[in-house]
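1. After the sequence you'll find the predicted model.
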Amino acid sequence: MSRNYAATKLKGQEHWTKKGDVNLFLWEKRAPNGPKNGTVLFVHGSSMASQPVFDLNVDGRPDSSAMEYFAERGFDTWCMDMEGYGRSTKDRGTEAFIWEGADDLSAGSEYIMKLRNSGPFMVYGISSGALRAAAFAQRHPERVKRLALDAHVWTGEGSPTLEQRRKKLPEYLKTKRRPIDKAFVRSIFERDHPGTADDKTIDAFADYILELDDSIPNGTYIDMCNNLPVVDPTKITSPTIIMRGEYDGIAALPDLIKFYELLPNPDKQFAMMPGIAHASLQQKNYMICLHIMHAFFTQPEPIYRTYKP
């Protein structure tokens, strides 16, 4: 094994389902004593498959795997590779646009519900994964119990990262995929505020990503540069938390506040995460992200309320 990270504490199980003729890979880690607190579905972003983001164990980094963190706290945890990423089908030439990711989540969630007789889900999406998760929640509100959107973006106004990325839009439009390497992965941690992640974690993260992919689809980049907004906050009725890293260059604060204000369900929160840039779960302050997510997913349901979706 080439990756330099710690052995996993919990055994995972791979699953496969179909979206038409597309094979979709899912990865599960279950609570040791049964999922008494529900099911978490993690949704990856533009630049890597799911396991490096949500199930990365690094020596000397307790609770490094978000999936194990939640499994040990009584959740059944799942992630899945969108079409075009990781172990899912990559030979159809898809560009993996945001709403195609929502299609993947529809197929994946249906598989989980039938297999485990579970749902609705706690859903966490990061970066363009937040957009995929929001699109899924907009399409299937009955499948989403609570929704966490991290490093989210709505209109893209005020985003320095997207401002720079738009300069390369003609390149993205010419091809369906773009190559990635270790320097690219490292740039994710250097573009906003260098120093928010340690080298050991970045290296383990990059190694895992590159074991699964040497190129990634351009669709989410095109959507985020050219097609925003792709989701409508007024149509997201699930309880929702918006999570923003202090230094995140994609998630402009005024844009997110407007999105938050338009969410119709009063069971909503906005959380700022100090010392965090874009890739929250690979940052030095990753425990803040896990704590916020866990608190939101275990929040008691209101006894009195007048809002009805």
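-> Received the coordinates, thanks. Numbering: from 1, shown residues only.

2. what about the stretch 1-150 of the chain, any weak spots by pLDDT?
-> Across the stretch 1-150 of the chain, the ranges flagged by pLDDT under 70 are 1-8.

3. change it to 90
-> Counting by pLDDT under 90, the stretch 1-150 of the chain contains low-confidence ranges at 1-9, 32-35, 92-94, 119.

4. For it, which segments count as helices?
-> Listed in chain order, the helices of the stretch 1-150 of the chain (DSSP state H, counting those that start in this stretch) span 50-54, 66-71, 98-116, 128-139.

5. Residue 161 is nearest to which of those helices?
-> In terms of C-beta to C-beta, the element of these nearest to residue 161 is helix 128-139, at 11.7 Å. Yep, even glycine has a C-beta here, placed from its N, CA and C like the rest.

6. Could you pull up the residues touching the closest residue to residue 289 other than its chain neighbours?
-> Once flanking residues are discounted, residue 289 sits nearest to residue 280: 4.2 Å by C-beta to C-beta, 6 or more residues apart in numbering. If you count contacts by C-beta atoms under 8 Å, 6 or more residues apart in numbering, residue 280 has them with 126, 150-151, 243, 245, 273, 286, 289.

7. Residue 39 too?
-> So residue 39 contacts 75-78, 112, 116, 118-119, 121-122 (C-beta under 8 Å, 6+ apart).

8. before we move on, the earlier item: please produce JSON lines containing the helices of the stretch 1-150 of the chain, extended by distance to residue 267.
-> Rendered in JSON lines, the data for these read as follows (distance: least, C-beta to C-beta, whole Å):
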{"stretch": "helix 50-54", "distance to residue 267": "25"}
{"stretch": "helix 66-71", "distance to residue 267": "20"}
{"stretch": "helix 98-116", "distance to residue 267": "21"}
{"stretch": "helix 128-139", "distance to residue 267": "13"}
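
9. any chance of these in a markdown table, with mean neighbour count and distance to residue 299 too?
-> Shown next, in a markdown table, are the helices of the stretch 1-150 of the chain (neighbours: other C-beta atoms under 10 Å; distance: least, C-beta to C-beta, whole Å):
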| stretch | mean neighbour count | distance to residue 299 |
| --- | --- | --- |
| helix 50-54 | 26 | 21 |
| helix 66-71 | 25 | 15 |
| helix 98-116 | 20 | 21 |
| helix 128-139 | 27 | 17 |
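
10. Residue 240 against residue 152, yeah?
-> No. Taking C-beta atoms under 8 Å as the definition, residue 240 is not a contact partner of residue 152, at 9.8 Å.

11. Could you list the low-confidence segments of the stretch 201-309 of the chain?
-> Looking along the stretch 201-309 of the chain with the criterion set at pLDDT under 90, you get 251, 309.

12. so where do the strands sit in it?
-> Taking DSSP state E, counting those that start in this stretch, the strands of the stretch 201-309 of the chain run over residues 215-217, 240-245, 268-273.

13. Which one of those strands lies nearest to residue 200?
-> Among these, strand 240-245 comes nearest to residue 200, with 20.0 Å by C-beta to C-beta.
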